[in-house]
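>>> sequence first, then the predicted structure:
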Amino acid sequence: MKFMELSYPVEESSPKWPGNPEEKVVYEQEIQKGAACNASSVFHHMHNGTHVDAPRHFNPIGMTIDQIPTEDFYYTAPFVLELPKGKGEKIQLSELMNREEEIRNCDILLFSTGYSELRERSAKEFADDFPCFSVEAAEYLRCNFPGLKAIAVDFLSVDSSVTGEADGFPAHHAFLDTGMGKPYRTLLIYEDVNVKKFRELKNTNEIQWISAFPVRFKGLEASPVSMVACIK
């Protein structure tokens, strides 16, 4: 048994949604400067880096990150869906309907689009017009698979960086269900996940479980996570 980390380290240079605040580290005390210890403070924007969105992200009365049951962050039936995507391309309903049986048997669906290859080469290019979801695809996943608890993507957001804000972030609403459809339920959204790590495996059936526990910031809409896969 071994462990595979799927969260990216948080850095001041981490790629982010256009317009998000920068990450900032302040070294309050430093041994090299005569202090008794090293102690630092961090300004972290909740939607930078590998993180999970709770319903409160787009619903003023939706569940906050501290209200979601702990078991919803633990997955024993993960499935990695390979769907190559380039800039601005959407994950479409038809592509998911072709994989219905596999999706039905999983509790977290991880999308491997290959787009994250840009992340280390150019943070600026990675953050520009990345892949996203059609509303129909997002609603299909939320409404038709009661065993599915979450989706995870290897790009920055389920909505387009070009049109998402102007359109009202429709994919986020569809996944989190802020009143768009029935039955009411929510799918947690993990963004900027290092899904390409699974390419190290001969077979993704080797994944025993995945945990992605958040920091329980009371009353907030999202949190950074440490996502880890246990491999046979």
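Ah, there it is. Residues are numbered from 1 along each chain as shown.
>>> how about the strands in the protein?
Taking DSSP state E to define them, one finds strands in the chain at 2-5, 24-29, 39-43, 51-53, 74-75, 78-82, 90-91, 108-112, 132-133, 150-153, 188-191, 207-214, 222-231.
>>> mean neighbour count for those - can I get that in a markdown table?
C-beta coordinates here come from the backbone N, C-alpha and C atoms, glycine included. As requested, the strands of the chain are exported to a markdown table (neighbours: other C-beta atoms under 10 Å):
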| stretch | mean neighbour count |
| --- | --- |
| strand 2-5 | 12 |
| strand 24-29 | 11 |
| strand 39-43 | 10 |
| strand 51-53 | 25 |
| strand 74-75 | 20 |
| strand 78-82 | 18 |
| strand 90-91 | 20 |
| strand 108-112 | 24 |
| strand 132-133 | 26 |
| strand 150-153 | 25 |
| strand 188-191 | 24 |
| strand 207-214 | 19 |
| strand 222-231 | 20 |
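>>> a markdown table for those, including mean pLDDT?
Output for these, formatted as a markdown table (pLDDT from 0 to 100):
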| stretch | mean pLDDT |
| --- | --- |
| strand 2-5 | 96 |
| strand 24-29 | 96 |
| strand 39-43 | 97 |
| strand 51-53 | 98 |
| strand 74-75 | 98 |
| strand 78-82 | 97 |
| strand 90-91 | 98 |
| strand 108-112 | 98 |
| strand 132-133 | 98 |
| strand 150-153 | 98 |
| strand 188-191 | 98 |
| strand 207-214 | 98 |
| strand 222-231 | 98 |
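>>> quick one: closest of those strands to residue 198.
Minimum separation from residue 198 across the strands of the chain (C-beta to C-beta) falls at strand 78-82, 5.3 Å.
>>> where does this protein have low pLDDT?
Applying pLDDT under 70 to the chain picks out residues 178-184.
>>> which helix runs longest in it?
Ranked by residue count and defined by DSSP state H, the top helix of the chain is helix 135-144.
>>> show me what that helix is packed against.
Using 3 or more C-beta pairs under 8 Å, 6 or more residues apart in numbering; DSSP states H and E, the elements in contact with helix 135-144 are helix 93-97, helix 170-176.
>>> nearest to residue 122, out of these?
helix 170-176 (24.3 Å).
>>> can I get the closest one as PDB, trimmed to CA atoms?
The C-alpha trace of helix 170-176 is given here as PDB (Å, rounded to 0.1, in the frame of the first residue of the first chain):
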ATOM      1  CA  PRO A 170     -24.000  28.200 -14.600                       C
ATOM      2  CA  ALA A 171     -21.900  25.000 -14.100                       C
ATOM      3  CA  HIS A 172     -21.300  25.800 -10.500                       C
ATOM      4  CA  HIS A 173     -25.000  26.300 -10.000                       C
ATOM      5  CA  ALA A 174     -25.800  23.100 -11.700                       C
ATOM      6  CA  PHE A 175     -23.300  21.000  -9.600                       C
ATOM      7  CA  LEU A 176     -24.100  22.700  -6.300                       C
END
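>>> list of residues touching it?
Residues outside helix 170-176 that contact it (C-beta atoms under 8 Å, 6 or more residues apart in numbering): 53-55, 57-59, 62, 132-135, 138-139, 141-142, 151, 157-159, 164, 179-181, 186-187, 189.
>>> now a ChimeraX select for only the buried ones of those residues.
The ChimeraX selection below is limited to those of those classed as buried (16 or more other C-beta atoms under 10 Å):
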select :53,54,55,57,58,59,62,132,133,134,135,138,139,141,142,151,157,158,159,164,180,186,187,189
